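Participant: turn this into a model:
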Amino acid sequence: MKRPRLIQVLTKALLTAFVLAPFAVAVAHADQSMNITYFQIAHADPDGGGLCCSNSSDYVLPGLGINGLPVLNPGGEGGAAAPLDLLGDNEITWWSPTYDSNVTYTGTGIVTLPYANDSFFAVNGTGSLGDGDETYYQAAILSGTLGAPTPETISFTLASDDMAFVYLNGQVVCDDGGVHGVSAVTCTSSVISGNNNTLEVFYVDLDPTGAALEFSVNTADITTSATPEPGTLALFGTGLLGLAGFVRRKIGKSA
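Facilitator: Numbering: from 1, shown residues only. Predicted coordinates for the structure are as follows:
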């Protein structure tokens, strides 16, 4: 006689856990958070120290490449030398250990906006490994989802030493290209809405001295959220499996 009641209670618990868990993850990284992935570029990289000096707002093409990397706009380098770390379709490999042997993945984290680091040196933006004249250059990707409660244009401010590019739904909205000291640009997107807009910031330092990144979303009521890491989702899945096993054991004992 207890069996139907037990099934009902435990089934409800399973459904509640399943529904609420994503929200629990979201709350932990709500409103103004983004993932950050760090890379370091070896001093021996052919682009290190070889691209100075220029400012360009036309450094990359409008969309990301097929491998999810910024694509060089040939002739848009602002008078400086063109980078050599390119794939066949002109995707730039400063953020890809897969395609560039001089690039090394060094870690991940969560940052909040507005973000500002005026000493963005390797390793992981801490400055402990100096600048490229000594050891490594720093590169990073900030990523997450952007929520817009109503259809509207989104305003961003970006400042970098050396260069950074902001992509919303895979399309560039801020292009601060070239090797240069800190320079700030304000950018505006096309009209967007909804809560699942992808937001990515590609940053790289390629020349001594100085390394900095500042990034903010200026439009009111806009949220940015870090994507739950795979390990978090896997842990949640393991918990559900454990709870399911508990349900089976309890049903077996009640039968």
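Participant: strands of the stretch 151-255 of the chain, residue ranges please.
Facilitator: 155-161, 163-168, 171-176, 183-188, 192-204, 212-217, 223-225 (DSSP state E, counting those that start in this stretch).
Participant: least reliable of those by average pLDDT, please.
Facilitator: Of all those, the minimum mean pLDDT falls on strand 183-188 (a mean of 92).
Participant: excluding chain neighbours, what is closest to D118?
Facilitator: A212 (4.6 Å; CB to CB, 6 or more residues apart in numbering). Glycine gets a C-beta too; all of them are placed from N, C-alpha and C.
Participant: tell me how many other residues surround that neighbour.
Facilitator: By other CB atoms under 10 Å, the residues close to A212 number 21.
Participant: and E152, by the same measure?
Facilitator: Using other CB under 10 Å: E152 sits among 15 other residues.
Participant: contacts only, for it.
Facilitator: Going by CB atoms under 8 Å, 6 or more residues apart in numbering, E152 touches 191-193, 219.
Participant: what do you get for G65?
Facilitator: Neighbours of G65 in contact, by CB under 8 Å, 6+ apart: 71, 87, 89-91.
Participant: wait, is it part of a helix?
Facilitator: No - G65 is assigned coil when assessed by DSSP: H, G, I helix; E, B strand; the rest coil, not a helix.
Participant: and the gap between the residue nearest to D118 and N196?
Facilitator: Going from A212 to N196 by CB to CB, to the nearest Å gives 30 Å.
Participant: now swap in N55 and tell me
Facilitator: 33 Å.
Participant: now do V111
Facilitator: The value you get for V111 to N196, if CB to CB is used, is 20 Å.
Participant: ok, now V60?
Facilitator: 24 Å.
Participant: okay, the two: which has more neighbours?
Facilitator: V60 (25 against 9).
Participant: isn't that one right up against C174?
Facilitator: No - with contact defined as CB atoms under 8 Å, V60 does not reach C174; the gap is 10.3 Å.
Participant: shared neighbours, the two?
Facilitator: Counting by CB under 8 Å, 6+ apart, the shared contacts of V60 and C174 are F165.
Participant: among the contacts of E152, who's most crowded?
Facilitator: Within the contacts of E152, most neighbours by other CB under 10 Å means I192, with 16 neighbours.
Participant: and what about the nearest residue to that residue once chain neighbours are set aside, helix, strand or coil?
Facilitator: Setting aside the residues directly before and after it, I192 is nearest to A148 in space (CB to CB, 6+ apart), at 5.4 Å. Here A148 is recorded as strand under three-state DSSP.
Participant: okay, now A148: neighbour count?
Facilitator: 19.
Participant: and it, what is it in contact with?
Facilitator: Per CB under 8 Å, 6+ apart, neighbours of A148: 154, 192-195, 197, 219, 222.
Participant: what residue ranges in the stretch 51-200 of the chain score low on pLDDT?
Facilitator: Along the stretch 51-200 of the chain, segments meeting pLDDT under 70 span 133.
Participant: burial count for L168?
Facilitator: 19.
Participant: same question but for S101, I mixed them up
Facilitator: S101 has 11 nearby residues by other CB under 10 Å.
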